[in-house]
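**Student:** turn this into a model:
(one chain, ligands or ions: 1)
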Amino acid sequence: MTHLLSAQDVNIYYGDKHAVKNVNLNVTQGSVNALIGPSGCGKTTFLRAINRMHDLTPGARVTGTILLDGENIYSPGVDPVNMRRRVGMVFQKPNPFPTMSVFDNVVSGLKLAGMRDNKRLMEIAERSLRGAALWEEVKDRLKTPATGLSGGQQQRLCIARALAVEPEILLMDEPTSALDPASTAKIEDLMSDLKKVTTIVIVTHNMHQAARVSDTTSFFLNGDLVEHGQTAQIFQTPRDERTEAYVTGRFG
Ligand SMILES: Nc1ncnc2c1ncn2[C@@H]1O[C@H](COP(=O)(O)OP(=O)(O)OP(=O)(O)O)[C@@H](O)[C@H]1O
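**Tutor:** From the prediction side, this is the model:
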């Protein structure tokens, strides 16, 4: 089994606050992995360490090792900008570039990397929009502003934008929490197709969502990774009583 991502003894601090405590976690290539746990337990903090976003947070410090395809992304020799190209990110609120068209949003990363071949850009835009289950809805309005799309469409556009650069891993931080149930269902339906082309780590507050979309689940509490396992095992036969209390809705 190939571990695309391997976190080893990862600790994350904001000043004196120890937000993530000695986490060890392996993620298999082509899987969906849910991070669950009550508010403030460190899910987002851990997720953001996977693309070195804490480099940009004053006072934040990460120790330990995060191997992406065998390479420690925290090695001194690693350029964080190059490394982030391998890691896609989708945030809680859709954040398309507001001044750009639908098409330009999707290909923005490729253009930034210097790709100028319009035929190739169009092929990738179509493939990415199809991958994000948005193509049929926008194929006749590719040149219109992205801000004209609904919230759910904008979020799928952000997924398409992330897919366009073929990330090795896609990080999703509560990607459906700002969306209505129909848009949420569309994104959940997408997950099994997305994992054919990338590997997903998703933070979710919604335990039904975690149970529906993920292969493995990690339960965090107060910065500790309490339990990690196959999603069915975590929800049906949790080993730790704190996991059981959380997944049965006794707290959180
Ligand atoms: N920039 C920051 N500076 C200081 N403390 C922070 C910062 N960001 C997060 N924290 C603290 O770190 C802890 C973990 O926060 P984090 O956002 O990772 O939790 P979470 O599990 O994702 O929560 P939620 O589900 O509410 O998003 C919390 O106690 C939080 O207050």
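
**Student:** what about the helices in the stretch 1-150 of the chain?
**Tutor:** 43-49, 80-84, 102-112, 118-131, 135-138 (DSSP state H, counting those that start in this stretch).

**Student:** ok, and the closest non-adjacent residue to the residue in the stretch 51-200 of the chain that the ligand sits nearest to?
**Tutor:** Using C-beta to the nearest ligand atom, the closest approach of the stretch 51-200 of the chain to the ligand is made by residue 57 at 5.3 Å. From N, CA and C alone the C-beta is placed, and that goes for glycine too. In this structure, residue 57 finds its nearest non-sequential neighbour in residue 14, 7.4 Å apart by C-beta to C-beta, 6 or more residues apart in numbering.

**Student:** thinking the one you found is in contact with residue 62, fair?
**Tutor:** No - in this structure, residue 14 is not within contact of residue 62 by C-beta atoms under 8 Å, at 10.7 Å.

**Student:** more crowded one of these two?
**Tutor:** Neighbours were counted for residue 14 and for residue 62 using other C-beta atoms under 10 Å; residue 62 has more, 22 against 15.

**Student:** still on that earlier bit, how about the helices of the stretch 1-150 of the chain in TSV, adding distance to the ligand?
**Tutor:** Shown next, in TSV, are the helices of the stretch 1-150 of the chain (distance: least, C-beta to the nearest ligand atom, whole Å):
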stretch	distance to the ligand
helix 43-49	3
helix 80-84	18
helix 102-112	26
helix 118-131	27
helix 135-138	30
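
**Student:** just those helices: most buried one?
**Tutor:** helix 43-49 (a mean of 23; mean count of other C-beta atoms under 10 Å).

**Student:** list of residues touching that helix?
**Tutor:** 7, 10, 12, 14, 19-20, 23, 35-37, 54, 62, 66, 171, 173, 201, 203, 220 (C-beta atoms under 8 Å, 6 or more residues apart in numbering).

**Student:** up against the ligand, what does the stretch 1-150 of the chain have?
**Tutor:** Residues of the stretch 1-150 of the chain lying close to the ligand (C-beta under 6 Å from any ligand atom) are 14, 17, 19, 37, 39, 40, 41, 42, 43, 44, 45, 57.

**Student:** let's go with 8 Å and repeat that
**Tutor:** Within the stretch 1-150 of the chain, the positions near the ligand by C-beta under 8 Å from any ligand atom are 14-15, 17, 19-20, 35, 37-48, 57, 59-60.

**Student:** strands of this protein, start to end?
**Tutor:** 3-14, 17-28, 32-36, 60-68, 71-72, 87-90, 169-173, 199-203, 216-221, 224-230 (DSSP state E).

**Student:** what does stretch 104-114 rub up against?
**Tutor:** Residues contacting stretch 104-114 (C-beta under 8 Å, 6+ apart): 85, 96-97, 100, 115, 121, 124-125, 128-129, 146, 157, 160-161, 164-165.

**Student:** export the strands of the chain as JSON lines, with columns for mean pLDDT.
**Tutor:** Shown next, in JSON lines, are the strands of the chain (pLDDT from 0 to 100):
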{"stretch": "strand 3-14", "mean pLDDT": "97"}
{"stretch": "strand 17-28", "mean pLDDT": "98"}
{"stretch": "strand 32-36", "mean pLDDT": "98"}
{"stretch": "strand 60-68", "mean pLDDT": "97"}
{"stretch": "strand 71-72", "mean pLDDT": "96"}
{"stretch": "strand 87-90", "mean pLDDT": "96"}
{"stretch": "strand 169-173", "mean pLDDT": "97"}
{"stretch": "strand 199-203", "mean pLDDT": "98"}
{"stretch": "strand 216-221", "mean pLDDT": "98"}
{"stretch": "strand 224-230", "mean pLDDT": "98"}
